[in-house]
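Student: here is a sequence with its predicted model. Questions after.
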Amino acid sequence: MDYLEFIIKMQGIAKIGLKFSKDAYALENYAQIESLSKAMLEKYTQQEIEKDNYFVRDIYPTPNISVRVIIEEQGKLLMVREIKEQKYSVPGGWCDLFENAKENAISEVLQESGYEVEIERLLAIFNRSEYLPKKSSVSEYALYFSAKIIGGCAQVSHETDDVAFFEIEKLPQLSFKNTQQELNKALDVYYNDKETYFD
């Protein structure tokens, strides 16, 4: 990661922290990160930045990108329960800055389930607007990968409170983060060795 990527990454962390943190001390720290990284960005670019954060600029709108990971063992699918919804999804989440999709997928599985995995292949690319029961204000492309476990153990996180394998035909209630249609299409590619599915 070069110097500019580091600065922009810090701006991204600050934006996420300021948006989602509820802790007063953490908010102060994120605001300081935002201020310091803005000063670094101005020094690096030799330009005065009018706004506090790189990510509030008026730029061309594009879809957000997320990753989801199918981990199947003996007819069972690894799933995690989202704390907020108390419903289940396959491990995954939004892609982080300057990391490729594969790195993000590996990282999300480890963070949400405690398992270390090796990515095997890309199964599907979904335009999630076509699958959600309610229209979302966020346009999202979801990349579904298959992976195998190579280490670690089941462990919950600040986002998840259960990690378990479920029979494919008896999945628990699904989180909005994945739909049955998406899972069916990704699993069809996985089990039948089909070409990558995309909308």
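Tutor: Done, it's in. Since the structure is predicted, the reported quantities are computational estimates derived from the model, not experimental observations.

Student: packing partners of the helix or strand harbouring S66?
Tutor: For S66, the host element (DSSP states H and E) is strand 64-70. Packing partners of strand 64-70 (3 or more C-beta pairs under 8 Å, 6 or more residues apart in numbering; DSSP states H and E): strand 92-94, helix 101-113, strand 115-127, strand 140-152, helix 180-192. C-beta here means a position set from N, CA and C on the backbone, and glycine is covered the same way.

Student: which one of these lies closest to E159?
Tutor: Closest approach to E159 among the helices and strands packed on strand 64-70 (C-beta to C-beta): helix 101-113, 6.0 Å.

Student: so for the closest one, what gets flagged as buried?
Tutor: 101, 104-113 (16 or more other C-beta atoms under 10 Å).

Student: hmm, who's touching the strand holding S66?
Tutor: 77, 89-95, 101, 104-105, 108-109, 117, 119, 123, 128, 138-147, 177-178, 182-183, 186-187, 190 (C-beta atoms under 8 Å, 6 or more residues apart in numbering).

Student: please indicate which of these are buried?
Tutor: 77, 89-93, 95, 101, 104-105, 108-109, 117, 119, 123, 128, 140-147, 177-178, 182-183, 186-187, 190.

Student: spell out the secondary structure type for Y44.
Tutor: helix (DSSP: H, G, I helix; E, B strand; the rest coil).

Student: quick one: it and L4 touch, right?
Tutor: Yes. Between Y44 and L4 there is a contact at 6.1 Å, judged by C-beta atoms under 8 Å.

Student: gap between whichever strand or helix holds A39 and the chain center?
Tutor: If you go by DSSP H and E, A39 is part of helix 24-45. Chain-centre distance of helix 24-45: 24 Å, with C-alpha atoms, centre = their mean, to the nearest Å.

Student: can I get the helices and strands packed on strand 64-70 in TSV with mean pLDDT and distance to D161?
Tutor: Compiled in TSV, these are given as follows (pLDDT from 0 to 100; distance: least, C-beta to C-beta, whole Å):
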stretch	mean pLDDT	distance to D161
strand 92-94	95	16
helix 101-113	97	11
strand 115-127	97	16
strand 140-152	97	17
helix 180-192	96	21
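
Student: neighbours of the nearest residue to E116 once chain neighbours are set aside, how many?
Tutor: Leaving aside its sequence neighbours, E116 sits nearest to G151 (C-beta to C-beta, 6 or more residues apart in numbering; 3.8 Å). By other C-beta atoms under 10 Å, 10 other residues sit near G151.

Student: please report how far M79 lies from R68.
Tutor: 11 Å (C-beta to C-beta, to the nearest Å).
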